[in-house]
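1. Sequence plus the predicted model coming up.
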Amino acid sequence: MKWQQAITDYTHYLSIERGLSHNSIENYSYDIKKLMQYTKDQSIKVSPVSIDTTTVKEFIYAVSKDINPRSQARLISGLRNFFDYLIFENYRTTNPLDLIESPRIGRKLPDTLSISDIDNLISAIDLSYQYNGVNLGERNRAIIETLYSCGLRVSELIDLKLSNLFFEEGFIKVTGKGDKQRFVPIGDTTQKFINIWIGIRNHIDVQPNSKDILFLNYKGKQLTRAMIFTIIKKLVEKTNLNKNISPHTFRHSFATHLLENGADLRAIQMMLGHESITTTEIYMHIDRSHLSEVLNKFHPRK
């Protein structure tokens, strides 16, 4: 079995059998392609069926010089899953990653923004900004408000559809990881800003494959993940905010602020679309002073 065929079969498995998102599949296949390229560059004539632990170890050592322990652990986990798949399909009998340990990593607490940070970022948006006659300032405000008020992943934001806005009921339908759908509450303020953008969007010549997509560029095409990162990066620079901010930071801030204000962890889990409550529990470690306040307020023997 050749590398390319194995990668193709594996990506089909991840999509059909495991229902992973396009981005997750891309990440998995990227690491396997790096291993394949390494064997070519080193003139090592092996297939995914014949490659051994020594070669895989040498590859991991070579690439680990430029990545942090968390990325190393993700790389090892991804490759281990790939070879487990080959064993499942009876192409191999052993996994060359079985004797390779992942580096120890601590649990990373997510960066968060304060409410004033978020207010400053939104206030810094130039609402009059236009490009080719399209007001992108109003669009950018609606984007930031939606990221924060609904706690969306960046992929969920760019895939958000007009047909999935149920403003009368106060919800939006979001398609998350593994194409799993959930309903997320949306506040009146965010609805107002989205409606302003929709009024502008109605005058754009929308491309056929983006007719139902909410957030578009001036050409009427769906926005990319990179564009959302760029919008946020420019706002951070404009406000001189000394924090490492990404679209995911707004999602973390959404969950943290809900928890700090007394929201139920199970409700936060449902809104974030976390499959396991343990994923949501990371927010319990962010503000321990809040936990003390809860104890003092509600415990009979405070």
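-> That came through, no problem.
2. Low-confidence stretches in the stretch 201-302 of the chain?
-> By pLDDT under 70, the low-scoring segments of the stretch 201-302 of the chain are 277-302.
3. For Asn195, give its distance to Ile213.
-> Note on Asn195: its distance to Ile213, by Cβ to Cβ, to the nearest Å, is 16 Å. Using the backbone N, CA and C atoms, a C-beta is placed for each residue, glycine as well.
4. Tell me which of these two has more neighbours.
-> More crowded of Asn195 and Ile213, by other Cβ atoms under 10 Å: Ile213, with 19 against 12.
5. all strands of the protein, in order?
-> All strands of the chain, identified by DSSP state E, fall at 130-131, 134-135, 165-166, 171-175, 181-185.
6. Mind checking those for the one nearest to Ile200?
-> In terms of Cβ to Cβ, the element of these nearest to Ile200 is strand 134-135, at 5.1 Å.
7. Paired strands for that closest one, with orientation please.
-> Sheet pairing of strand 134-135 (DSSP bridges) gives strand 130-131 (antiparallel).
8. So which residues make contact with the strand it pairs with?
-> The contact list for strand 130-131, computed with Cβ atoms under 8 Å, 6 or more residues apart in numbering, reads 136-137, 218.
9. ok, and the most crowded of those?
-> Ranked by neighbour count (other Cβ under 10 Å), the contacts of strand 130-131 have Leu136 at the top, with 21 neighbours.
10. Nearest residue to it in space, please, no chain neighbours.
-> Using Cβ to Cβ, 6 or more residues apart in numbering and skipping residues adjacent in sequence, the residue nearest Leu136 is Tyr129, 5.5 Å away.
11. Distance check, that neighbour against Thr239.
-> Tyr129 is 16 Å from Thr239, where distance means Cβ to Cβ.
12. What of Ala263?
-> Using Cβ to Cβ, we find Ala263 at a distance of 27 Å from Thr239.
13. returning to that earlier point: pretty sure the residue nearest to Leu136 is in contact with Arg139, am I right?
-> No - using Cβ atoms under 8 Å, Tyr129 makes no contact with Arg139, being 9.2 Å away.
14. still on that earlier bit, compare the strands of the chain and give me the one nearest Thr11.
-> Here strand 171-175 is closest among the strands of the chain (Cβ to Cβ), at 19.5 Å.
15. Residues contacting the closest one, please?
-> Residues from elsewhere that reach strand 171-175, judged by Cβ under 8 Å, 6+ apart: 150, 152, 156, 159-160, 164-166, 181-186, 273.
16. just stretch 29-36 next, same as before
-> Contact with stretch 29-36 is made by 3-4, 6-7, 10-11, 48, 51, 56, 59, 63, 74-75, 78-79, 82, as judged by Cβ under 8 Å, 6+ apart.
17. Now the phi/psi pair for Lys221, please.
-> With angles defined as degrees, to the nearest 10, Lys221 sits at phi -110, psi 160.
18. With adjacent residues omitted, what lies nearest to it?
-> Gln207 (5.1 Å).
19. go on, Ile115?
-> Excluding the flanking residues, the one nearest Ile115 by Cβ to Cβ, 6+ apart is His257, at 6.8 Å.
20. try Ser210
-> Closest residue to Ser210 apart from its sequence neighbours, by Cβ to Cβ, 6+ apart: Gln222 at 4.7 Å.
21. Let me see the contact set for that neighbour.
-> 158-159, 209-210, 213, 215-216.
22. Take those and lay them out in TSV including distance to Gly199.
-> Formatted as TSV, the contacts of Gln222 follow (distance: Cβ to Cβ, whole Å):
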residue	distance to Gly199
Ile158	20
Asp159	22
Asn209	22
Ser210	17
Ile213	16
Phe215	14
Leu216	13
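23. Can you get me a residue count around Leu86?
-> So Leu86, with other Cβ under 10 Å, has 19 neighbours.
24. Report pLDDT for it.
-> Predicted confidence (pLDDT) for Leu86: 94.
25. do the same with Asp111
-> In this prediction Asp111 is given a pLDDT of 73.
26. these two touch, right, it and Ile245?
-> Yes - under the criterion of Cβ under 8 Å, Asp111 makes contact with Ile245 at 7.2 Å.
27. Quickly note the distance from the nearest residue to Phe82 once chain neighbours are set aside to Gln5.
-> Of all residues not flanking Phe82 in the chain, Ile32 sits nearest, at 5.4 Å (Cβ to Cβ, 6+ apart). As judged by Cβ to Cβ, Ile32 and Gln5 stand 12 Å apart.
28. between the two, which one's more packed in?
-> Shown here are Ile32 and Gln5; by other Cβ under 10 Å, Ile32 has more neighbours (20 against 11).
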